[in-house]
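Sequence first, predicted coordinates after that:
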Amino acid sequence: MGEAAGETRGDGFITHVITHDIRLRPGTTADIPAFRALGEAVVPATYGPIDAAYAQRMLDEWWVPEVFERSLARNAHLVAEVDGQVVAMAAFGRLSQSHRDFPHVTGDREVMWKLYVHPDHQGRGIGGRLLAEVEAMVEGDVLWLEVVDGNQQAYDFYRAHGFTEVERVTDRDWPDDVWLRKELGRGPR
């Protein structure tokens with residue numbers, strides 16, 4: 001699927017056209033350097049205004065090769081490429097497979113841990129395509145995710161895609177987590 005953009009002059013002619021082929025594929029360990037580069041582009045811009053120390057902690061603890069190696073072994077990862085370059089990624093799996101503890105949660109749930117699009121490629125539908133693919137891969141009928149309180153862009157994106165807020169969890173060491181869920185309208189497959 002290609003994407004075209006351009007400006008129309010007063011005489012109806014398009015002054016320039018840029019076409020990008022967006023390709024989705026499974027993520028692999030070979031993508032780890034691209035994941036780190038994506039994190040460096042996205043995390044400070046997204047979380048820095050909320051809490052700069054938290055943004056740096058995210059990069060230092062969650063966007064490092066060792067964590068991605070463990071995550072790739074346990075969770076599904078999807079990559080979006082434009083012109084052969086990784087511009088977005090999503091990761092999801094079971095709560096029981098997380099590298100963090102969630103003492104307030106009972107039972108297991110399928111959680112989308114990451115969905116990030118490089119700032120230069122936002123607004124092109126890539127996030128929506130990744131989300132739709134994740135939803136298709138979920139085994140059960142509910143998909144969960146958490147958003148950092150203050151990340152209004154992500155919160156609004158997920159609400160527009162059918163997620164509802166379920167709870168807010170306060171932690172003194174981190175900004176609050178806002179848990180959202182979406183009923184996928186199907187039973188277990």
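That came through, no problem. Residues are numbered from 1 along each chain as shown.

What residues of the longest helix seen in the chain count as buried?
For the chain, the longest helix by residue count, based on DSSP state H, is helix 32-47. Going by neighbour count (16 or more other Cβ atoms under 10 Å), the buried part of helix 32-47 is 32, 34-35, 38-39, 41-43, 46-47. Backbone N, C-alpha and C define where each C-beta goes, glycine included.

What lies in contact with it?
27, 52, 54-56, 58-59, 62-65, 68-69, 72, 79, 85-89, 116-120, 148, 151, 153-154 (Cβ atoms under 8 Å, 6 or more residues apart in numbering).

let's go with 7 Å and repeat that
Here helix 32-47 makes contact (Cβ atoms under 7 Å, 6 or more residues apart in numbering) with 54-55, 58-59, 63, 65, 68, 86, 89, 116, 118-119, 148, 151.

repeat for stretch 67-87
With contact meaning Cβ under 7 Å, 6+ apart, stretch 67-87 is reached by 20, 22-27, 29, 31-32, 34-35, 38, 88-93, 97, 99, 113, 117-118, 121, 126, 129-130, 133-134, 137.

Next one: the residue nearest in space to the middle of the chain from Ala52, what distance?
The centre of the chain sits closest to Leu115, judged by Cα atoms, centre = their mean, with a distance of 0.4 Å. Noted for Leu115: a distance of 22 Å to Ala52, by Cβ to Cβ, to the nearest Å.

picking that back up, contacting residues around whichever helix or strand comes after the longest helix of the chain?
Next along the chain after helix 32-47, taking DSSP states H and E as the criterion, comes helix 52-62. Helix 52-62 has contacts (Cβ under 7 Å, 6+ apart) with 39-40, 43-44, 47-48, 174-175.

Please, where are all the strands along the protein?
Ranges of strands within the chain are 2-5, 18-26, 76-82, 85-94, 110-117, 142-148, 164-171, 174-183, based on DSSP state E.

got the angle between the third one and helix 32-47?
Going back to what we said before, that points to strand 76-82. On the basis of axes from the mean of the first three to the mean of the last three Cα atoms, to 10 degrees, strand 76-82 is oriented at 90 degrees to helix 32-47.

which stretches of this protein have low pLDDT?
The chain contains residues with pLDDT under 70 at 1-20, 96-107, 186-189.

re the thing from before, are any of the contacts of helix 32-47 buried, and which?
Among these, those scoring as buried are 54-55, 58-59, 63, 68, 86, 89, 116, 118, 148, 151 (criterion: 16+ other Cβ under 10 Å).

Kind regards, and thank you for your time.
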